[in-house]
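Asks: Got a predicted model here, sequence first, then my questions.
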Amino acid sequence: MSNYVRLAYQFIEDNRHQFNVRTMCRVLNVAPSGYYPWLKTPISDHDQEDIRLLRLIKHSFNQSHGVYGAPRIFLDLRESGETCSKNRIERLMRENGIRAQAGYRVKRSSTQKSNKSIPNLLQRQFTVTQPNKIWVTDITYIRTWEGWLYLTVVMDLFSRKIVGWATNSSIKSDLVLDALMMAIYRRNPQGTIIHFDQGSQYGSDAWRRFCKNNHLEPSMSRRGNCWDNAVAESFFGSLKKERIKKRIYKNRTLAINDIADYIESFYNSSRRHSHLSGMSPEQFESVFELKNNGVH
């Protein structure tokens, strides 16, 4: 008897007072004729442990909105005190059809002529050792039944935390200024590099003045060099893969609420990053602060 069949029979046993046994057998594609003899067979300790772990795996998977694969679920379980291997988690997920959402192609926003007066200070140096040293910002768009919704974010490269974001029904300079204003209010930076691509919104006089007045050093990607802003693009890929994928919102308000929930309630606070040793952005910053303040 395969592990899948054992787990299916255990699920049926756990839920037989709520659902019809034959119906559950049909849905789970197992034979009713095997279920009743299975009831008389003692469950091994190993199978009982698989059943217990599967419940924990499903909880972690559901808490991540279907985003986490075995590596991040392994970190979740390890953090809660479990000692099972990643291979065992992979096996249980595979046998029970639990799969993280697949990739999503990110569409890039249009760019204008190169502004050579702004240097590229980033030069693809994506690893930063302190908060508020380098921020990156970019724009993407999301489909709704009311039309496109434009989203811009400001990310701190140190922790990959989204420190500012804004949405608008049109792609204009106010959009990027609103996101930067949120970031400045939250972080109060001094001498921070702010890196962006060649979208016209970032070349406006208002943008330049705002950066200067708030002690930010502008840095711009060269034309056609999408890799300079790869980390911001990676965030948009995660957002669309993990939350927006193939979803069309009825209106912009619903889209904004969902984006806010993803950024503030999941991505910043809970979503694990391999770049951050499996921690979320807020966890990573908290650990840095404790070490920096001499707390061990």
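Replies: Everything's here; your move.

Asks: residue contacts, residue 144?
Replies: 248, 249, 250, 251, 252, 254, 255 (CB atoms under 8 Å, 6 or more residues apart in numbering). Using the backbone N, CA and C atoms, a C-beta is placed for each residue, glycine as well.

Asks: May I ask which of these has the most neighbours?
Replies: Counting neighbours by other CB atoms under 10 Å, residue 255 comes out on top of these with 23 neighbours.

Asks: And it, how far from residue 276?
Replies: Separation of residue 255 from residue 276 (CB to CB, to the nearest Å): 27 Å.

Asks: mind putting the contacts of residue 144 in JSON lines, pLDDT and secondary structure included?
Replies: Below are these laid out as JSON lines (pLDDT from 0 to 100; DSSP: H, G, I helix; E, B strand; the rest coil):
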{"residue": "248", "pLDDT": "81", "secondary structure": "coil"}
{"residue": "249", "pLDDT": "92", "secondary structure": "strand"}
{"residue": "250", "pLDDT": "92", "secondary structure": "coil"}
{"residue": "251", "pLDDT": "93", "secondary structure": "coil"}
{"residue": "252", "pLDDT": "92", "secondary structure": "helix"}
{"residue": "254", "pLDDT": "94", "secondary structure": "helix"}
{"residue": "255", "pLDDT": "94", "secondary structure": "helix"}
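
Asks: Find the pair from the residues you listed with maximum spatial separation.
Replies: Maximum pairwise distance among these (CB to CB): 11.7 Å, between 248 and 252.

Asks: And the residue lying closest to residue 144 once chain neighbours are set aside, how far from residue 167?
Replies: Leaving out its chain neighbours, the residue that sits closest to residue 144 by CB to CB, 6 or more residues apart in numbering is residue 249, at 4.3 Å. To residue 167, residue 249 is 12 Å away according to CB to CB.

Asks: same deal with residue 293?
Replies: 36 Å.

Asks: Check residue 27 too.
Replies: Remark: distance between residue 27 and residue 167 (CB to CB) = 41 Å.

Asks: of those two, who's got more company?
Replies: Neighbour tally, residue 27 and residue 167, criterion other CB under 10 Å: the higher count belongs to residue 167, 19 against 12.

Asks: Doesn't that one belong to a helix?
Replies: No - assigned with DSSP: H, G, I helix; E, B strand; the rest coil, residue 167 falls outside any helix and is strand.
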